[in-house]
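*Asks:* Got a predicted model here, sequence first, then my questions.
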Amino acid sequence: MGGNLPGFAGRCKANMSSLKKKTILITGATGFVGSNLLRRLFKSRADLHIIVRESSSLWRIGDIANDLKRYTPDLSDSDSLKKVIHEINPDIIYHLATFGGNPRQDNFRQIIESNFFGTVNLINACKETGFDLFVNTGSSSEYGIKTVPMKETDLPEPRNNYGISKIASTLYCQSVALNENLPVVTLRLFSPYGDFEDGERLIPSVILSCIRGKNPEISSPDFVRDFIYIEDVMDLYEQLSRADTIPGNIYNAGSGEQHSVGEVVNTIIKITGDQVRPVVRLPQRWPNEPNVWQADMAKTFKVLNWTPKYDLDGGLRKSIEWFEDHQQLYH
């Protein structure tokens, strides 16, 4: 089964000490995590290319958009995607394009076509040109509900269509990597927060309310997540380009600690001056809220030689500073 494509084996074993002079492709570069990664790599002197939807808003990258090589193929259209990939011939692919993470994005067919078939088409197109590294972006939603911190080896039991599409994509990437000895890995994100996050999400909405002197509205103080500051996530993506690539490996991307919504909200209120109080008013966005939502980070810490720089307080302070300076983006 499999085997490397002709002339491809040498690229599979590359251990990149620097991103300079690399040709890098980012999908989903207008999203929260993708735009932060794009901004991080924009400083690296790499040859950057991005794939975005024609309908995507560029508000997160507006100041650098004219300096980017931008393409708009539909990831679910394999023929048009292959033409773009052959034109770019990327060394490194960071695949962050996704659909369905927002509860309003509930079209099942579109979720599957965007997340699963989009990933299948992208990785198959990249196989034809060869690459040094392909990073698939997964989600903690792949795990479903657990009663202990989630390990990469746990049985996936997704509880929604988004989680189903993401685990299907991860398993496809892993299968291709193992069968053909390709440098494909998955970074499974838990709950990133920080610069350029959607203003309707928990942490930005609470920060913006606090700095505007309004009582923040929440669904429940009891819901829990493993929150990780966006700069730590960026460090992890960058670390993957330096570490030896183990084909098919999956790495959790969390802080390794669980915090409740109430703890997060109260911390933000305290940092911003303790002038408001939370109001429990919003509807529950997801069913099946768990009592445990925490990453087991042992594998990531050990294999990638990485630990987060920011605890919750430190990450929230940095986020508050950023939102204070960029309120105009959220009117």
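*Replies:* Arrived safely, thanks for sending.

*Asks:* Show me the domain layout of this structure.
*Replies:* 15-192+229-253, 194-227+257-294+311-330 (automatic domain parsing).

*Asks:* JSON lines for the ones you listed, including distance to residue 305, mean neighbour count and mean pLDDT?
*Replies:* In this view, the C-beta of every residue, glycine as well, is placed from N, C-alpha and C. Listed next are the domains of the chain as JSON lines, based on distance: least, Cβ to Cβ, whole Å; neighbours: other Cβ atoms under 10 Å; pLDDT from 0 to 100:
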{"stretch": "domain 15-192+229-253", "distance to residue 305": "7", "mean neighbour count": "19", "mean pLDDT": "95"}
{"stretch": "domain 194-227+257-294+311-330", "distance to residue 305": "19", "mean neighbour count": "17", "mean pLDDT": "95"}
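
*Asks:* closest to residue 301 out of those domains?
*Replies:* domain 15-192+229-253 (9.5 Å; Cβ to Cβ).

*Asks:* where's the residue nearest to residue 272 when sequence neighbours are not counted, which helix or strand?
*Replies:* Leaving aside its sequence neighbours, residue 272 sits nearest to residue 210 (Cβ to Cβ, 6 or more residues apart in numbering; 4.0 Å). Assigned by DSSP states H and E, residue 210 falls within helix 202-211.

*Asks:* and if you look at residue 49?
*Replies:* Assigned by DSSP H and E, residue 49 falls within strand 47-51.

*Asks:* on that earlier part again, in a markdown table, list the domains of the chain along with distance to residue 303.
*Replies:* Listed next are these as a markdown table, based on distance: least, Cβ to Cβ, whole Å:
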| stretch | distance to residue 303 |
| --- | --- |
| domain 15-192+229-253 | 7 |
| domain 194-227+257-294+311-330 | 19 |
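
*Asks:* residue boundaries of the helices in the stretch 151-300 of the chain?
*Replies:* In the stretch 151-300 of the chain, the segments counted as helices under DSSP state H, counting those that start in this stretch are 161-180, 202-211, 230-240, 261-271, 298-303.

*Asks:* so which of those gets nearest residue 189?
*Replies:* Taking these one by one with Cβ to Cβ, helix 230-240 is closest: 6.8 Å.

*Asks:* Determine the set of other helices and strands touching the closest one.
*Replies:* Using 3 or more Cβ pairs under 8 Å, 6 or more residues apart in numbering; DSSP states H and E as the contact test, the elements touching helix 230-240 are helix 32-42, strand 133-139, strand 184-189, strand 191-193, strand 250-253, helix 312-325.

*Asks:* Out of those, which is closest to residue 227?
*Replies:* Comparing those under Cβ to Cβ, the one sitting nearest is strand 191-193, at 4.8 Å.

*Asks:* Given the closest one, what are its sheet partners and their directions?
*Replies:* Paired strands of strand 191-193, with direction, are strand 227-229 (parallel) (DSSP bridges).

*Asks:* quick one on the thing from earlier: quick check: which of the helices and strands packed on helix 230-240 is nearest to residue 237?
*Replies:* helix 32-42 (5.6 Å).

*Asks:* ok and that closest one relative to strand 47-51, angle-wise?
*Replies:* 160 degrees (axes from the mean of the first three to the mean of the last three Cα atoms, to 10 degrees).

*Asks:* Which elements pack onto helix 32-42?
*Replies:* strand 23-27, strand 47-51, helix 230-240.

*Asks:* thought residue 220 was touching residue 279?
*Replies:* No: between residue 220 and residue 279 there is no contact under Cβ atoms under 8 Å: 11.7 Å.

*Asks:* Same list (the helices and strands packed on helix 32-42) but as TSV, adding distance to residue 288.
*Replies:* Shown next, in TSV, are the helices and strands packed on helix 32-42 (distance: least, Cβ to Cβ, whole Å):
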stretch	distance to residue 288
strand 23-27	29
strand 47-51	33
helix 230-240	25
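
*Asks:* Go through the ones you listed and name the closest to residue 96.
*Replies:* Distance to residue 96, taken as Cβ to Cβ, is lowest for strand 23-27 among the helices and strands packed on helix 32-42, at 5.8 Å.

*Asks:* Show residues contacting that closest one.
*Replies:* Here strand 23-27 makes contact (Cβ atoms under 8 Å, 6 or more residues apart in numbering) with 34, 37-38, 41, 46-52, 75, 85, 88-97, 122.

*Asks:* Quick check: the residue nearest to residue 307 when sequence neighbours are not counted vs residue 92, distance?
*Replies:* In this structure, residue 307 finds its nearest non-sequential neighbour in residue 301, 5.7 Å apart by Cβ to Cβ, 6+ apart. From residue 301 across to residue 92, the span is 23 Å (Cβ to Cβ, to the nearest Å).
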